[in-house]
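Colleague: just need the structure, nothing else, for what follows:
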Amino acid sequence: MSKNKYIYNIHYIIIICKRFFLLYIYFTNLNPDILILTGHDAFLKGGVYKNSINFCNAVKEARKYEKSSDKLIIIAGACQSDYESLIKSGATFASSPKRINIHALDPAIIATRFLVLS
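Modeller: Numbers count the residues shown, from 1 in each chain. Down below sits the predicted model:
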């Protein structure tokens, strides 16, 4: 039997800290086609985001390994994330443009849509 050419390498990473060692290991060993960066975020009083900067930094770090949005699809963000900053950082898709709560599996559902469309 021949290998199915439509099998994609998808990785779901939960950003829980500011270190990118885990991201480095994933890229050097696995070379993913789709990367999902999610976790927890919040829009706090005073216009401050709780973890959006961590998501943005992770997207920028991932783009160091693959600059093309066609070769690496990055889905980033969580509830109430800073949508505009995530897109500017290089994410293909960012969660919560209206800063609303989303389900934990929403990023994975978006990834399956990319698989169906490609």
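Colleague: so what's the nearest residue to residue 65 once chain neighbours are set aside up against?
Modeller: Nearest-residue entry for residue 65: residue 27, 4.3 Å, with adjacent residues in sequence omitted and distances by Cβ to Cβ, 6 or more residues apart in numbering. C-beta here means a position set from N, CA and C on the backbone, and glycine is covered the same way. For residue 27, the contacting residues are 62, 65, 66, by Cβ atoms under 8 Å, 6 or more residues apart in numbering.
Colleague: beyond the strand or helix carrying residue 27, next helix or strand please.
Modeller: Residue 27 belongs to helix 21-29 when assigned by DSSP states H and E. Of the helices and strands lying after helix 21-29 in sequence (DSSP H and E), the nearest is strand 34-38.
Colleague: tell me how far that following strand lies from the chain's centre.
Modeller: Its chain's average C-alpha position is 3 Å from that of strand 34-38, according to Cα atoms, centre = their mean, to the nearest Å.
Colleague: stretch 73-86 too?
Modeller: So, by Cα atoms, centre = their mean, the centroid of stretch 73-86 is 7 Å from its chain's centroid.
Colleague: what sits up against that stretch?
Modeller: Under Cβ under 8 Å, 6+ apart, the answer for stretch 73-86 is 33-43, 49, 51-53, 55-56, 58-59, 62-63, 89-97, 99-102, 107, 110-111, 114.
Colleague: which of these are buried, as a PyMOL select command?
Modeller: If you want just the buried ones from the contacts of stretch 73-86 in PyMOL, going by 16 or more other Cβ atoms under 10 Å, the selection is:
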select buried, resi 33+34+35+36+37+38+39+41+43+49+51+52+55+56+58+59+62+63+89+90+91+92+93+94+95+96+102+107+110+111+114
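Colleague: show me what the helix ranked longest in the chain is packed against.
Modeller: The longest helix of the chain (DSSP state H) is helix 52-65. Where contact means 3 or more Cβ pairs under 8 Å, 6 or more residues apart in numbering; DSSP states H and E, helix 52-65 is packed against helix 21-29, strand 34-38, strand 73-76, helix 83-89.
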